[in-house]
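1. return atomic coordinates for the entry below.
(one chain, ligands or ions: 1)
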Amino acid sequence: MRPYTRAGITRPSVEAAAPPVTQEHVPVLRAEVVDLLTTATGGKRFIDGTVGAGGHAAALLAAMPDAQLLGLDADPQALAVAEQRLAIYGQRVRLAHGNFSDLKLIARAHGWERVDGILLDLGLSSRQLGDDARGFSFSSSGPLDLRFDPTGDHPTATELVRQWNTEELARVIWKFGEERWSRRIARAITAARPPTGAWRARDFARVAGSAVPRVGGKRRHHPATRTFQALRIAVNGELDALKTVLPQAIQLLDTGGRLAVISYHSLEDRLVKQAFRAATGVCQCPPEVPVCSCGAAAEVRLVTRRVVRPTAAEVQENARSRSARLRVVERLPLTAETEGHVKPPMHHEPAHS
Ligand SMILES: C[S@@+](CC[C@H](N)C(=O)[O-])C[C@H]1O[C@@H](n2cnc3c(N)ncnc32)[C@H](O)[C@@H]1O
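-> Below you'll find the model as predicted:
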């Protein structure tokens, strides 16, 4: 296997070693992903844009003995795990450190202009959650960091929480956590934040959670769940990265190639659904516009007309899968218009008029 590079940009500045296993990551909807990405066209090149511990990647490589896979992750430690796990596939695998918002750039750096399948399994892995030093879990004694990629100069969650005033913090918790108690939580956090040094994740979780009133009986989730989700999304720019990658991924697909995305909350799934719908050529103009001017052109067809959810058996075996939603599209025959070079406005009535 080739050593991983960061898409020809820079190498990670920290030495990445596979962290000790605390929680093995179980790939979600594995059979469904393999089934839906293994197209009748017999694809040869696949990108796993969130290779993580390499679970889906290994399943895809095993199912398609002629396929090559480019595995990408923002987290160098995840790549170290994937490198070990995928070593048996030798030259069929290459790994790259980077953000999937640079997907096209990274694919091109590897000489890949078109691919047959792309997987994005969003969010964080069980390994990251179980790594006490990363602060992803409510019980972690590590610092509240929450970065997928600790190698760059992006601020940690502790740094952002210190920079934001109560209003800004409340807005983030509301927007990315859809947390109705955002103001109360923001006030509690601002009052308790240490002036210097990192917060321990579990101390932060206690403060955020204690600001959430208990409504009804037993709680199903930790009261700081939505606050953690919001901060993680903000720290990693997760929704912006997703918005950026979806059109790139579609453009990278060869005719008949497929893009599969697994999301874990409604904010992600909404973006995926909208982007896929737009790429099927459905007009995106506001209803009051009489003639379509958005340039809608059909680039893909929906393979999954309804979202695919894990079975009850999978949820029982792997609780992390319970919120997973899989959507898949397939690239229609490439034309000059849909190749991303030319996209003139179309003159048809908006679909919703
Ligand atoms: C749910 S895990 C993937 C697990 C993987 N499918 C497996 O079977 O082992 C998501 C991975 O995506 C990575 N990730 C999240 N956002 C990313 C981004 N914008 N660019 C690159 N990697 C990202 C995380 O670091 C994490 O390792």
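2. center of the chain, which residue is that?
-> When Cα atoms, centre = their mean is applied to the chain, the residue found nearest the centroid is residue 122 (2.6 Å).
3. that one reaches residue 260, doesn't it?
-> No - applying Cβ atoms under 8 Å as the test, residue 122 and residue 260 come out as separate, 11.2 Å apart. C-betas here are computed from N, CA, C, even on glycine.
4. list the contacts of the helix or strand where residue 270 lies.
-> Assigned by DSSP states H and E, residue 270 belongs to helix 266-279. Residues external to helix 266-279 that are found in contact with it (Cβ atoms under 8 Å, 6 or more residues apart in numbering): 122-123, 176, 178, 233, 238-239, 242-243, 246-247, 250, 261, 263, 284, 296, 298-300, 302, 307, 325, 327, 329.
5. for stretch 152-172, same thing?
-> Stretch 152-172 is contacted by residues 135, 143-147, 182-183, 185-187, 189-190, 193, 198-199, 204, 230-232, 234-236 when judged by Cβ under 8 Å, 6+ apart.
6. give me the buried subset of those residues.
-> The neighbour count (16 or more other Cβ atoms under 10 Å) marks 135, 143-147, 182-183, 185-186, 189-190, 198-199, 204, 230-232, 234-236 as buried among the contacts of stretch 152-172.
7. can you list the residues of this structure near the ligand?
-> Counting by Cβ under 6 Å from any ligand atom, the residues of the chain close to the ligand are 25, 27, 50, 52-56, 72-75, 78, 99-101, 121, 123-125, 148, 241.
8. out of these, which sit inside strands?
-> Here DSSP state E is the test, and the residues of the chain next to the ligand give 72, 73, 121 as lying in strands.
9. need the residues you listed in CSV with neighbour count and pLDDT, can you?
-> As requested, those are exported to CSV (neighbours: other Cβ atoms under 10 Å; pLDDT from 0 to 100):
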residue, neighbour count, pLDDT
72, 29, 98
73, 28, 98
121, 26, 98
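10. tell me the one among these nearest to the ligand.
-> residue 121 (3.7 Å; Cβ to the nearest ligand atom).
11. beta partners for that closest one?
-> residue 262 (DSSP bridges).
12. which ones are touching it?
-> Per Cβ under 8 Å, 6+ apart, neighbours of residue 121: 27, 28, 33, 48, 50, 52, 56, 262.
13. in those, which residue is surrounded by the most others?
-> residue 48 (30 neighbours; other Cβ atoms under 10 Å).
14. I figured that one hits residue 56, correct?
-> Yes - taking Cβ under 8 Å as the definition, residue 48 is a contact partner of residue 56 at 6.1 Å.
15. mind listing the shared neighbours of these two?
-> What both residue 48 and residue 56 touch, as defined by Cβ under 8 Å, 6+ apart, is the set 119, 121.
16. number of residues surrounding the residue of the stretch 201-350 of the chain found nearest the ligand?
-> Of all residues in the stretch 201-350 of the chain, residue 241 sits closest to the ligand, at 3.9 Å by Cβ to the nearest ligand atom. Residue 241 has 21 neighbouring residues, counting by other Cβ under 10 Å.
17. find the nearest non-adjacent residue to it, please.
-> Nearest non-adjacent residue to residue 241, counting by Cβ to Cβ, 6 or more residues apart in numbering: residue 101, 4.2 Å away.
18. now do the contacts for the one you found.
-> Residue 101 touches 237, 240, 241, 244, 245, counting by Cβ under 8 Å, 6+ apart.
19. thanks a lot, see you next time.
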